[in-house]
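Student: 3D model of this:
(one chain, ligands or ions: 2)
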Amino acid sequence: MAKLLRGFRDLFEEEAQKLTTVEKAARSVFKIYGAKELRLPTLELKEIFIKATGQTTDIVQKEMYAFEDGGGRLVAMRPEGTPGVARAYIENNFQENPLQKFFYIGNMFRAERPQAGRYREFEQIGLEYIGNASPAADAEVILMLKAIFDKLGVKNYKVKINSIGCKECRPKFREDLIKFFTAQKDSLCEKCQTRLEVNPLRVLDCKIDGPKFTQSAPKQILCPACQKHFDEVKKYLDGKVPFEVDPCLVRGLDYYTKTVFEFQADIAGAQNALAAGGRYDDLIASMGGPKVPAVGWALGAERVALASSFEEQKSKTIFVVSVEESANNYAFNILQTLREKGLSAQGGLFDKNLKAQMKQANKINASYAIIVGGNEVSKNTAVLKDLTSGEQKELSLNDLLANLEGK
Ligand SMILES: [Zn+2]
Ligand SMILES: [Zn+2]
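Tutor: Numbering: from 1, shown residues only. Ligands and ions are numbered 1, 2, ... in the order given. Purely as a prediction, here's the structure:
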């Protein structure tokens with residue numbers, strides 16, 4: 001009955017806090033770079049994702065939570081953020097102001113086979129820089145990711161970049177790959193045999209087949225414009241972030257053009273993509289919008305949290321105890337005053353005896369207890385007990401507050 005759906009989970013304080021820390025780091029970087037928040041709906045027309053994410057992708061073919069709503073519309077829970085951003089951009093007529101830098105933070109849904117560290121609902125933080133065709137934009141968004149990772153203390157991450165070309169130079173590469181892989185179709189994994197015709201680039205980043213053909217597979221020959229763009233991206237990044245060019249990095253989405261990139265790090269002994277993105281100069285026009293260039297990325301908040309080195313923050317909670325009914329109101333006023341002063345305070349379990357209240361103070365790892373009874377009420381004082389050292393002293397209320405605010 002009361003059972004969690006497979007592939008989903010509840011996040012309690014400690015894990016929720018980690019995500020909040022990742023979000024805060026990202027927000028501080030977004031502010032510096034002038035990105036504006038865009039909150040998007042969770043549900044969109046399914047068509048949006050088929051068009052944007054791509055008909056041939058794993059996401060659209062088998063991972064979407066899609067269904068018919070009460071009004072007979074085919075809708076889907078968003079599996080990624082970019083299509084929604086593109087839809088919002090088109091619908092809200094940014095022609096007057098085509099240059100936009102948006103960020104989003106939100107839950108995404110993919111019906112993947114549940115496995116360690118992978119959930120069907122997960123959080124993505126994304127950035128979309130729309131309207132700037134310069135390779136400086138590609139470099140800028142990559143450096144934003146670096147800034148977030150550095151802020152979070154992510155260690156030993158690798159930045160891989162590649163260019164997958166454009167409408168001019170990609171078709172030839174596609175054809176070369178189809179020809180090359182068709183000749184050795186039998187040695188491909190089952191998945192690649194079926195996707196060979198529709199998405200041959202994906203064979204290159206297949207975990208099974210990719211490594212086998214890295215050396216021998218035909219290489220992408222970029223057209224002069226794409227080559228120049230890629231060279232400039234590399235020049236802008238030079239000396240600012242260590243990166244390696246990986247010709248097999250192709251990404252699983254259909255809409256990328258030119259630059260693609262991935263930030264990878266070791267999590268529990270395996271290389272994992274923590275964030276990935278690329279340029280998508282044709283996407284917005286292909287969805288019926290203006291012809292406008294764009295580049296962006298998304299990071300997986302849970303995975304980035306796993307790779308981060310957080311400093312443990314000890315909360316200094318004060319626990320207010322009343323030992324007599326005649327002191328309850330006095331104790332409650334102290335509790336409220338502490339909170340109004342911005343101090344973390346708990347208590348108010350005045351229907352319990354002293355021992356039970358102190359037990360709760362220990363349970364939540366409170367640093368101090370403030371204990372009052374009729375005696376303290378009459379003198380306008382309180383007993384402050386340091387729960388680490390066990391020391392206690394009686395103070396006037398003014399001294400008590402001054403004492404706690406300094407801690
Ligand atoms: Zn090209
Ligand atoms: Zn394969």
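
Student: What does the pLDDT read for the most centrally placed residue in the chain?
Tutor: The centroid of the chain falls nearest to Ala301 when counting by CA atoms, centre = their mean (2.9 Å). The model reports Ala301 with a pLDDT of 96.

Student: Spit out the contact partners of it.
Tutor: With contacts defined as CB atoms under 8 Å, 6 or more residues apart in numbering, the neighbours of Ala301 are Leu19, Val22, Glu23, Ile105, Phe122, Glu123, Gln124, Ile125. Where C-beta positions appear, they are placed from N, C-alpha and C, glycine not excepted.

Student: right, and Glu376 touches Ala327 too?
Tutor: Yes - contact criterion CB atoms under 8 Å: Glu376 and Ala327 qualify, at 6.7 Å.

Student: follow-up on the earlier one: farthest-apart pair in the contacts of Ala301, please.
Tutor: Glu23 and Phe122 (13.6 Å; CB to CB).

Student: Those two: which has the busier surroundings?
Tutor: Per other CB atoms under 10 Å, whichever of Glu23 and Phe122 has more neighbours is Phe122, with 19 against 15.

Student: Sheet partners, orientation included, of the helix or strand hosting that one?
Tutor: Assessed by DSSP states H and E, Phe122 sits inside strand 121-130. The pairing partners recorded for strand 121-130 under DSSP bridges are strand 100-109 (antiparallel), strand 294-300 (antiparallel).

Student: from the ones you listed, which stretch is densest packed?
Tutor: Of those, the one with the most neighbours on average (mean count of other CB atoms under 10 Å) is strand 294-300, at a mean of 24.

Student: Quickly list the domain ranges of this structure.
Tutor: As given by automatic domain parsing, the domain ranges for the chain are 13-169+220-307, 318-405.

Student: can you put these in JSON lines and add distance to Asp186?
Tutor: Listed next are the domains of the chain as JSON lines, based on distance: least, CB to CB, whole Å:
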{"stretch": "domain 13-169+220-307", "distance to Asp186": "21"}
{"stretch": "domain 318-405", "distance to Asp186": "62"}
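
Student: Distance from stretch 39-49 to the middle of the chain?
Tutor: Offset of stretch 39-49 from its chain centre (CA atoms, centre = their mean, to the nearest Å): 18 Å.

Student: how long is it end to end?
Tutor: End-to-end distance for stretch 39-49: 17 Å, by CA to CA, to the nearest Å.

Student: Could you tell me which residues within that stretch count as buried?
Tutor: Across stretch 39-49, burial judged by 16 or more other CB atoms under 10 Å covers Leu40, Leu43, Glu44, Leu45, Lys46, Ile48, Phe49.

Student: ok now do the second one, which residues does it touch?
Tutor: Going back to what we said before, that points to Leu43. Going by CB under 8 Å, 6+ apart, Leu43 touches Val75, Ala76, Met77, Arg78.

Student: try the fourth one
Tutor: By CB under 8 Å, 6+ apart, the contact set of Leu45 is Arg73, Leu74, Val75, Ala76.

Student: Could you list which of those belong to helices?
Tutor: Using DSSP state H, no member of the contacts of Leu45 falls within helices.

Student: Can you turn the buried part of those residues into a PyMOL selection?
Tutor: To isolate in PyMOL the members of the contacts of Leu45 that are buried, counting by 16+ other CB under 10 Å, one can use:
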select buried, resi 75+76
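
Student: coming back round to it: could the contacts of Leu43 go into JSON lines alongside distance to ligand 2 and pLDDT?
Tutor: Putting the contacts of Leu43 into JSON lines (distance: CB to the ion, whole Å; pLDDT from 0 to 100) gives the following:
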{"residue": "Val75", "distance to ligand 2": "32", "pLDDT": "98"}
{"residue": "Ala76", "distance to ligand 2": "26", "pLDDT": "98"}
{"residue": "Met77", "distance to ligand 2": "28", "pLDDT": "98"}
{"residue": "Arg78", "distance to ligand 2": "27", "pLDDT": "98"}
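
Student: Please enumerate residues in contact with the helix or strand containing Asn398?
Tutor: Take DSSP H and E as the rule and Asn398 turns out to sit in helix 397-405. Contacts to helix 397-405, defined as CB under 8 Å, 6+ apart, come from residues 318, 334, 337-338, 341, 343, 368, 370, 380-382, 384, 395.

Student: pLDDT on that helix, on average?
Tutor: What helix 397-405 shows for mean pLDDT is 89.

Student: again with stretch 166-181
Tutor: Rounded mean pLDDT across stretch 166-181 is 91.

Student: Which positions in that stretch come out as buried?
Tutor: Buried residues in stretch 166-181 (16+ other CB under 10 Å): Cys166, Cys169, Arg170, Phe173, Arg174, Asp176, Leu177, Phe181.

Student: residues in contact with the closest residue to Ala116 other than its chain neighbours?
Tutor: Once flanking residues are discounted, Ala116 sits nearest to Ala268: 7.7 Å by CB to CB, 6 or more residues apart in numbering. Contacts for Ala268 (CB under 8 Å, 6+ apart) come out as Ala116, Gly117, Leu306.

Student: same thing with Val203?
Tutor: Val203 makes contact with Leu177, Phe181, Leu188, Cys192, Arg195, Leu196, Asp209, Gly210, Phe213 under the criterion CB under 8 Å, 6+ apart.

Student: host element of Ala273?
Tutor: Ala273 is located in strand 270-279, with elements delineated by DSSP H and E.

Student: Give me the angle between the longest helix along the chain and strand 121-130.
Tutor: When the chain is parsed with DSSP H, its longest helix is helix 13-33. Angle, helix 13-33 to strand 121-130, by axes from the mean of the first three to the mean of the last three CA atoms, to 10 degrees: 0 degrees.

Student: which other helices and strands contact the very next helix or strand once past helix 13-33?
Tutor: Where DSSP H and E defines the elements, the next helix or strand beyond helix 13-33 is strand 36-37. Counting contacts by 3 or more CB pairs under 8 Å, 6 or more residues apart in numbering; DSSP states H and E, strand 36-37 packs against strand 100-109.
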